[in-house]
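**Student:** Provide a 3D model corresponding to the input given below.
(chains A and B)
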2 protein chains.
Amino acid sequence: MHRVRVRVVEDALDANNTIARANRDDFDRHGVTVVNVMSAPGAGKTTILERILRDGIGDLRVGVLEGDVQGSLDADRLAHLHVPVTQLNTGSGFGGECHLDANMVRSALPSVPLDEIDLLIVENVGNLVCPAEFHIGEDARIMVASVAEGDDKPGKYPLMFRTCELVVVNKIDLLEHVDFSMERFDGFLDAVHPGVDRMRMSARTGEGVDALRDWLARLPDRAAAPA
Amino acid sequence: MHRVRVRVVEDALDANNTIARANRDDFDRHGVTVVNVMSAPGAGKTTILERILRDGIGDLRVGVLEGDVQGSLDADRLAHLHVPVTQLNTGSGFGGECHLDANMVRSALPSVPLDEIDLLIVENVGNLVCPAEFHIGEDARIMVASVAEGDDKPGKYPLMFRTCELVVVNKIDLLEHVDFSMERFDGFLDAVHPGVDRMRMSARTGEGVDALRDWLARLPDRAAAPA
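**Tutor:** Residues are numbered from 1 along each chain as shown, chains lettered A, B, ... in the order given. Here you go, the predicted model:
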């Protein structure tokens, strides 16, 4: 029973990777760099995007793909920022998919103006488990963790923190009001992903947001450089 | 393709419900009431349990089943409270399952001293999507939402808030430091689950914890009453 399940999951992930490569070919052909932003629900992904997009990212033309189980609450929040935002809902039937996969992203691509953007920011469904298992054709992944979630999350959800290029610790304006030790968090993070890029910010106050803006501005050059 | 997927998912949920009924029969035979506690990662489930278990729940003998992708960080936190705690990890292969299902719970039952407890509290994997789809044989579900996650979560993850008997809004000690409107939250909640029981608390300060203790103390009688 377990082996059958493992086989089914392996087949599903193989199929996903094939479609992710097709997405990647499309992104490359249009010269679009793609970043997949992941976090638990309510870690602040949308507020970070609001901050970043308000002042822009260098000279880059940016688009956003919003993944949600249902509704367009996040896309609505970004609507006034004059960047193209495409809503992608995963909620057809049952409780909805808990992650974006390559095929869902592929189905949304006709609505994304790839010819008019340089950087596509994909906001994944809020979830610390499954989004990490599904590549969508992205160049890089950012994992956002809020200090309100506690300092043990890299230890409890290791794959998510292992398969990203940048860890953003958000809501540092709450540090004095919650039980969160940055040293303990860094210890858990170093155990699962030693040396990964990391930064601290408060999207609410704006502290630390420029560092992420710079990181994103440099992403197309880094993505184009030979590994 | 979509219809095949729907069929596969329906079959999986049917199989899950069959095993959930078997779990339920076992719980009933031992006179154990079961509550399934769900939330996003870091909403405070374990801190709530620490608070509740420290002073006990009326005369009830309580056991805990801890669901985590990996590790035993939460079970370790409860170890000093002198209640039987069983760890259940979902992380065999890939990134781990993002939820508990009936079969996982069934596999853990031999380690749960059903003859020695009246109430089994199951702490699910932190996730606002899939846990709602999988019954495990429980009598009731509690959904914990932290004010740090924002007030829009019932609108974005409706199934989770629709399939529970109680919604606990936690971390109200942070209310003055975050952008959270209780009215807006209640509005979203009423739209997806009108009239559901709800309470507000801070597990960190202890405010409001007694109301949850009372709710849990009355649960066995409510569960035994004819619907």
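
**Student:** quick one: average confidence on the longest helix anywhere in chain A?
**Tutor:** If you go by DSSP state H, chain A has its longest helix at helix A:2-29. On average, the pLDDT along helix A:2-29 is 84.

**Student:** following that helix, which helix or strand shows up next?
**Tutor:** strand A:33-39 (DSSP states H and E).

**Student:** elements contacting that following strand?
**Tutor:** The contact analysis (3 or more Cβ pairs under 8 Å, 6 or more residues apart in numbering or on different chains; DSSP states H and E) places strand A:33-39 against helix A:45-55, strand A:119-123, strand A:140-146, helix A:209-224. (Glycine included, C-beta is placed from N, CA and C.)

**Student:** same for the longest one, what does it pack against?
**Tutor:** When you say that, I think you mean helix A:209-224. Helix A:209-224 packs on strand A:33-39, helix A:45-55, strand A:119-123, strand A:140-146, strand A:197-200, going by 3+ Cβ pairs under 8 Å, 6+ apart.

**Student:** buried stuff in that helix?
**Tutor:** A:209, A:212-213, A:215-217, A:219-220, A:223 (16 or more other Cβ atoms under 10 Å in any protein chain shown).

**Student:** among the helices and strands packed on helix A:209-224, which comes closest to residue B:160?
**Tutor:** strand A:33-39 (17.0 Å; Cβ to Cβ).

**Student:** nearest residue to the middle of chain A?
**Tutor:** Compute the mean C-alpha point of chain A, and by Cα atoms, centre = their mean the closest residue is residue A:37, 1.0 Å away.

**Student:** which ones are touching that one?
**Tutor:** The contact partners of residue A:37, by Cβ atoms under 8 Å, 6 or more residues apart in numbering or on different chains, come to A:45, A:48-49, A:121-124, A:141-142, A:144.

**Student:** state the mean pLDDT of stretch A:91-104.
**Tutor:** 80.

**Student:** what's it in contact with?
**Tutor:** A:16-20, A:22-23, A:36, A:67-70, A:88-90, A:122, A:124-125, A:127, A:129-131, A:133-137, B:2, B:6, B:9, B:13, B:98, B:127, B:129-130, B:132-133, B:159-160.

**Student:** drop anything exposed from these.
**Tutor:** A:16, A:19-20, A:23, A:36, A:67-70, A:88-90, A:122, A:124-125, A:127, A:129-131, A:133-137, B:13, B:98, B:127, B:129-130, B:132-133, B:159-160.

**Student:** which of the residues you listed fall in strands?
**Tutor:** Among the buried ones among the contacts of stretch A:91-104, the members falling in strands (DSSP state E) are A:36, A:67-68, A:88-89, A:122.

**Student:** and which of these is nearest residue B:79?
**Tutor:** Nearest to residue B:79 among these is residue A:36, at 37.2 Å by Cβ to Cβ.

**Student:** do you know how far that closest one is from residue A:220?
**Tutor:** 15 Å (Cβ to Cβ, to the nearest Å).

**Student:** same deal with residue A:98?
**Tutor:** For residue A:98, the distance to residue A:220 - Cβ to Cβ - is 30 Å.

**Student:** what do you get for residue A:43?
**Tutor:** For residue A:43, the distance to residue A:220 - Cβ to Cβ - is 25 Å.
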